[in-house]
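Student: Give me a model of this one.
(chains A and B)
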Amino acid sequence: MTFEEIHKVYWPKVYRQCMGYMNDHDAAKDITQETFIKVWQHLPKFRNESSIGTWVFRIAVNSCLRQISKDKNMPKSEFPNEIVEEILVNNEPQVEFLYKCISELPEVERIIISLELEELKQKEIAKIVGLTEGNVRVKIHRIKEKLTKKFQKHDRQHRL
Amino acid sequence: MTDNIDFKRYWNKQKIETQTPEELIKKANEFKRKTRFKLIAGNIVLLISCIGISFIWFYYQPEFLTTKIGIIIIMIAILIYVAFQSTLMPLLLKRNLEASAKEQLLQLLQLKEKQRFQQTTLLNGYFFLLSLGLGFYMYEYAVRMTFIWAVLTYGIVLFTIALNTFYFRPKTIRKQQVRLNKLIAQLKNLKEQLTD
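Tutor: This is a model prediction of the structure:
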């Protein structure tokens, strides 16, 4: 796969994963960019030990986790503010709510559920985060329960 | 609302901000250049100071042994600092991209703990050697001055050293420690989340 092909297929996936983690378009764009810079730099050395998808997500996940080792004042994207705002208001409320709920979970849960929603196999998720497959399965189940409860509560409040 | 919410449907509706591969490659190159520059810039400044000090030695030909000892101590301080920074930097930059999040986290945690210890010791040593070197270096020139000037000069230098030892040095160390401690705590929390 060439870099352009990887970029085309995985940019949206990685972007969503970063959005789940940060729930902030600027930050998500920055981390996605950081991920793809690494992909570009290391692609020539990529050994086919894992699938390219797993590899890209692995870099993305580690980029997300490494955010805490950076200063809070991360460089913001150079996008003019108007464009970002325009994009922000375009999302459905349910979409906004889902991403908000996910970003409120503990870090590792955010990552696991994002990868699950990107339809990665549980075995691959386990490999990426370094947990056992069984543990990942249990965690996914619990996270979905948590999210469902939040959605139901939110739904009730909005009906009143 | 049902128990079976289709999260995937909402998940995939997220609006995506994208960037062309060309833009990305441009950014990647910029990033590489900047990182490299950052790595060497600090060291270059310190090495230039070293060259400046050696220049004094050869140009003014100090007569006293103390002056030479002073110069050597200052240079040793600078070189130790540069050497340490240069060995730590590749560690900070090198990462195994094939490792899982858990493994990477453990590596980062180890590195940061090491950094916490070394930063304190290193900075202490650096300030101590620098002050000592300066004290020796000045002796020859102070001896040639009148008593009042010598007292004044040493007074000012001692004041600067004291300011460094009791104000700037603890402040720098404290600042770094606070940042590192916070980071290590966060990393430990993450590690906890990744325990089976």
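
Student: most centrally placed residue in the chain?
Tutor: All of this refers to chain A. A:Gln17 (1.4 Å; C-alpha atoms, centre = their mean).

Student: Switch to chain B, please.
Tutor: Centre-nearest of chain B using C-alpha atoms, centre = their mean is B:Gln85, 6.4 Å out.

Student: For the host helix or strand of that one, what is the distance to the chain centroid?
Tutor: According to DSSP states H and E, B:Gln85 maps onto helix B:65-93. The chain centre lies 12 Å from the centre of helix B:65-93; the measure is C-alpha atoms, centre = their mean, to the nearest Å.

Student: for stretch B:121-130, same thing?
Tutor: Relative to the chain's own centre, stretch B:121-130 is displaced by 13 Å; criterion: C-alpha atoms, centre = their mean.

Student: so what's the closest residue to chain A within chain B closest to, chain neighbours aside?
Tutor: When scored by C-beta to the nearest C-beta, chain B has B:Lys102 as its residue closest to chain A, at 2.8 Å. Backbone N, C-alpha and C define where each C-beta goes, glycine included. Among residues not flanking B:Lys102 along the chain, A:Gly130 sits closest, at 2.8 Å (C-beta to C-beta, 6 or more residues apart in numbering or on different chains).

Student: My guess is that neighbour contacts B:Lys191. True?
Tutor: No: the pair A:Gly130 / B:Lys191 is not scored as a contact, 10.2 Å apart, by C-beta atoms under 8 Å.

Student: Buried residues, stretch A:36-52. List them.
Tutor: Neighbour-count burial for stretch A:36-52, with 16 or more other C-beta atoms under 10 Å in any protein chain shown as criterion, is recorded at A:36-40, A:43, A:46, A:50, A:52.

Student: per-residue confidence for the residue in chain A positioned nearest to chain B?
Tutor: Going by C-beta to the nearest C-beta, chain B is nearest to A:Gly130 of chain A, at 2.8 Å. A:Gly130 carries a pLDDT value of 91.

Student: hang on, the earlier thing: of all pairs in the buried residues of stretch A:36-52, which one spans the longest distance?
Tutor: Greatest spatial distance among the buried residues of stretch A:36-52 (C-beta to C-beta): A:Ile37 and A:Ser50, at 19.8 Å.

Student: for the longest helix anywhere in chain A, packing partners?
Tutor: The single longest helix within chain A, with elements called by DSSP state H, is helix A:133-159. Under the contact criterion of 3 or more C-beta pairs under 8 Å, 6 or more residues apart in numbering or on different chains; DSSP states H and E, helix A:133-159 touches helix A:93-103, helix A:107-117, helix A:122-129.
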